[in-house]
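Colleague: Quick check, what structure comes out for this input:
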Amino acid sequence: MISPIQSYEHYTNILKFKTTGVWGVSNIEVKDTGLSDYPDPLPNSPAHAYIDFTMHSIKDYRKLAKKLKAYATQRGCLYSSI
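Modeller: Alright, predicted model coming up:
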């Protein structure tokens, strides 16, 4: 819905959070990991999405999160402020 630079600008300028970059995973990667994702627009973040881990145990949650992190790391930083 928005570009990595737009995501960075929204996160830092609108939401007033701090970050040095934007990383991402695709819907296909989320599904390949065995998870589901959904659009979850918020009033101050219309492009917000949600990855559902609720069907998994805490132990599995950590393993699945590591898989998503590996996808994002392999892809590389999509936008960096430094």
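Colleague: Where does the prediction get shaky in this protein?
Modeller: Along the chain, the model assigns pLDDT under 70 to no residue.
Colleague: need the longest helix for it.
Modeller: helix 58-75 (DSSP state H).
Colleague: which residues sit against the helix or strand just after that helix?
Modeller: Next in sequence after helix 58-75, counting helices and strands by DSSP states H and E, comes strand 79-80. With contact meaning C-beta atoms under 8 Å, 6 or more residues apart in numbering, strand 79-80 is reached by Ser3, Pro4, Ile5, Ser7, Tyr8, Thr20, Gly21, Val22. To be clear about C-beta, it is placed using only N, CA and C from the backbone, and glycine gets the same treatment.
Colleague: out of those residues, which one sits closest to Leu42?
Modeller: The closest of those to Leu42 turns out to be Ser7 (C-beta to C-beta; 13.5 Å).
Colleague: before we move on, what SS does the closest one have?
Modeller: helix (DSSP: H, G, I helix; E, B strand; the rest coil).
Colleague: Please shift the residue numbers so they start at 2 in all later answers.
Modeller: Sounds good: first residue 2 from here, last item Ser8.
Colleague: what about the nearest residue to it once chain neighbours are set aside, neighbour count?
Modeller: Closest residue in space to Ser8, ignoring its immediate chain neighbours: Val23 at 5.1 Å, by C-beta to C-beta, 6 or more residues apart in numbering. The number of residues packed near Val23 is 19, by other C-beta atoms under 10 Å.
Colleague: Test my guess that Val23 contacts Gln7.
Modeller: No. Using C-beta atoms under 8 Å as the test, Val23 is too far from Gln7 to be in contact (9.4 Å).
Colleague: any idea how far the residue positioned nearest the centre of the chain lies from Met56?
Modeller: In the chain, the centroid-proximal residue (C-alpha atoms, centre = their mean) is Gly25; its distance is 5.1 Å. According to C-beta to C-beta, to the nearest Å, Gly25 and Met56 sit 23 Å apart.
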